[in-house]
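# Whatever this is, show me its structure:
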Amino acid sequence: MSWFRVDLEVSADDADAVTDRLQELGAVSMTIRGAGQDGDLVVEPAPGETPLWRRNRVLALFPLDTDLTRLRRALGVCLDTDTLASLDIGFVDEENWLQAWRAHAVEHLFGGRLWVAPRDAVLPVGATVLRLDPGLAFGTGGQPTTRLCLEWLARWPLEGLRVMDYGCGSGILAIAACLLGAREVYAIDHDPQALLATRENAAYNGVGETHLAVLGPDELAEPIECDVVVANILANPLVELAPRLVAMTRRGGKLILSGLLPEQAADVMAAYQDVTFDASVRDGTWIRLVGTRNL
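Down below sits the predicted model:
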């Protein structure tokens, strides 16, 4: 089957509004990716914000019976001149679209015992598998920062422990902890889309609400302490959230921090004065810090 492909470049601030409008006009599928060079990436957003490219490329699929004249006219009403000038409409075969989509999917074994794979992947019978397809929420197992956290979780004995994934994104780390035997898991994120994605991914992987609590940062009924707290975010938020993350880690518990560069490690560790850190572990340009809250 073939589709009309609509491709346009928008500012990061306008991406949500444009995708909403495309959906209203009949788009059956959409993706958002960065546009521009590495220097255009906002790598240190303020706490509570999402790291985005300053310019985004929006690609949408429309059925072949779409009225392109009406579509162009409708987009002309809601888009500025520069965005409209970037508009490109063409054809795409379903096979080519699926190949592009699959390029972002991950199939990998972590710690010798946890597979992360797309929903349709065929894996050994009896394997512990977290099935997760690429989506809009961050975290599919393909990013170095996520890999670093998954590798640690898969190698640590989580059976019977209470675990928190702070900044859960797609929920991949929280769901992994559930599948690896954690007794009680909390997935925390400020983004409603991330919370929705986490709930959907948890349900698909057979993880129930009695096992995994998916909450906003201010929805915890009472302060809790966890045996393991994982925060895969960015350096500045990690520094500002240090008091909260330490308070959520029991004494003697583990604190796993990722989403930072080697040159940011010293500043991040300095913010966690009640934590003793091991040597950092690196994957490409990113590192992971593992600390133990002092007794």
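# Now do the domain split for this protein, please.
Domain ranges of the chain: 2-102, 108-293, per automatic domain parsing.
# Mean pLDDT for those - can I get that in CSV?
Formatted as CSV, the domains of the chain follow (pLDDT from 0 to 100):
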stretch, mean pLDDT
domain 2-102, 68
domain 108-293, 89
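# right, so the ones you listed: which one is the most enclosed?
domain 108-293 (a mean of 19; mean count of other CB atoms under 10 Å). C-beta here means a position set from N, CA and C on the backbone, and glycine is covered the same way.
# What's the end-to-end length of that one?
Using CA to CA, to the nearest Å, the gap from the first to the last residue of domain 108-293 comes to 31 Å.
# Just give me how far that domain sits from the chain centre.
10 Å (CA atoms, centre = their mean, to the nearest Å).
# Could you do stretch 60-78 as well?
On CA atoms, centre = their mean, the centre of stretch 60-78 falls 30 Å from the chain's centre.
# So what touches that stretch?
Stretch 60-78 is contacted from outside by 2-8, 17-19, 21-22, 25-30, 84, 87, 89, 92, 97, using CB atoms under 8 Å, 6 or more residues apart in numbering.
# and if we set it to 6 Å?
Residues from elsewhere that reach stretch 60-78 (CB atoms under 6 Å, 6 or more residues apart in numbering): W3, F4, V6, R21, L22, L25, G26, A27, V28, S29, M30, L84.
# Could you list which of those residues belong to helices?
R21, L22, L84 (DSSP state H).
# State the distance from the nearest residue to the first one once chain neighbours are set aside to R55.
Yep, that's R21 we're talking about. The shortest distance from R21 to any non-neighbouring residue, by CB to CB, 6 or more residues apart in numbering, is to C78 (5.3 Å). Going from C78 to R55 by CB to CB, to the nearest Å gives 18 Å.
# Strands along the stretch 1-150 of the chain, start to end?
Along the stretch 1-150 of the chain, counting by DSSP state E, counting those that start in this stretch, strands occupy 2-11, 29-35, 55-62, 88-93, 108-110, 114-117, 129-131.
# Okay, now the sheet partners of the third one, with direction.
Take DSSP bridges as the rule and strand 55-62 pairs in its sheet with strand 2-11 (antiparallel), strand 29-35 (antiparallel).
# next one: the fifth one
In the sheet containing strand 108-110, the strands it pairs with under DSSP bridges are strand 114-117 (antiparallel).
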